[in-house]
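Colleague: I'll drop the sequence and a predicted model, then ask my questions.
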Amino acid sequence: MATKGLYYTPLGTDGSEYAHRQRVASHYQISALNKSRLKYCIFFHYLLFFAMLAKLSADILDKLDIFILEIEELDIPKPLWWEYIWCISLLLSFLGLDAIKKNRVAPMRNYMMGLTIFGFLPLLYAVIYYFPDVWTYLTFEEEEELEEIHLWQGYPYGMLCYAFILLAIQVHLFSMYFAWNLLTAWKPKGTKKFE
């Protein structure tokens, strides 16, 4: 085929007739977007885990009979069982990452179920457990009422725990949302919704 010059394009062959072939299917776009967002949520879950691990470090070192004066001087409150159970939720992130890598539905469902059990339920228990201290701190009228609540380094311990709980609930809610979006994107169009 002869061309007129170096950059001549014949009429009607500028490539626009193939534009419909260059579109990516919507479920692939949704999958790619939610995969990256879920990875960010898992990263923030790791950051929260390391914050919790720093809080648990005094108790862990005590159980291992390791004495570090600087940590003992912080006088960190003894941990409750919900904190250790919540730490198990970090192990579930490996299920979620494996499901992302291979687009597998079953590990993603297990990730979501485990996050509900080991992520949300311990946090719900902590919200209920610390509620009396937080309520007393928020509604106190006299200074004597503040003597009833537990303080750490001059700050109300219940409020500090509520700050952690608020962040953790946000990370878990976003993780569940992105995981649900991935599940719906990975389902074939012809299958029933309730399998």
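Modeller: Looks like it came in fine. Residues are numbered from 1 along each chain as shown.
Colleague: quick one: the helices in this protein, in order.
Modeller: 26-63, 69-73, 81-88, 92-102, 105-115, 121-139, 143-146, 157-186 (DSSP state H).
Colleague: got those helices as a markdown table, with mean neighbour count and mean pLDDT columns?
Modeller: For every residue, glycine as well, the C-beta is placed using N, CA and C. Compiled in a markdown table, the helices of the chain are given as follows (neighbours: other CB atoms under 10 Å; pLDDT from 0 to 100):
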| stretch | mean neighbour count | mean pLDDT |
| --- | --- | --- |
| helix 26-63 | 15 | 88 |
| helix 69-73 | 9 | 71 |
| helix 81-88 | 16 | 92 |
| helix 92-102 | 18 | 91 |
| helix 105-115 | 17 | 94 |
| helix 121-139 | 15 | 91 |
| helix 143-146 | 10 | 70 |
| helix 157-186 | 18 | 93 |
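Colleague: what's the closest non-adjacent residue to L53?
Modeller: C87 (7.2 Å; CB to CB, 6 or more residues apart in numbering).
Colleague: from what I can see that neighbour touches F49, true?
Modeller: Yes: using CB atoms under 8 Å, C87 is in contact with F49, at 6.4 Å.
Colleague: what sits against Y28?
Modeller: Y28 is in contact with A185, counting by CB atoms under 8 Å, 6 or more residues apart in numbering.
Colleague: quick check: the gap between it and D98.
Modeller: 20 Å (CB to CB, to the nearest Å).
Colleague: ditto for H45
Modeller: 15 Å.
Colleague: same deal with F67?
Modeller: In terms of CB to CB, F67 sits 39 Å off from D98.
Colleague: cool, I66 as well?
Modeller: 34 Å.
Colleague: next: M52.
Modeller: 23 Å.
Colleague: next: L182.
Modeller: Applying CB to CB to L182 and D98 gives a distance of 13 Å.
Colleague: show the contacting residues for the residue nearest to L160 when sequence neighbours are not counted.
Modeller: The shortest distance from L160 to any non-neighbouring residue, by CB to CB, 6+ apart, is to W152 (6.8 Å). W152 makes contacts with D75, I76, P77, L160, as judged by CB under 8 Å, 6+ apart.
Colleague: now the buried members of those.
Modeller: I76, L160 (16 or more other CB atoms under 10 Å).
Colleague: spatially central residue for this structure, please.
Modeller: V171 (3.5 Å; CA atoms, centre = their mean).
Colleague: now that one. Nearest residue, chain neighbours left out?
Modeller: Here the residue nearest V171, using CB to CB, 6+ apart, is F44, at 4.8 Å.
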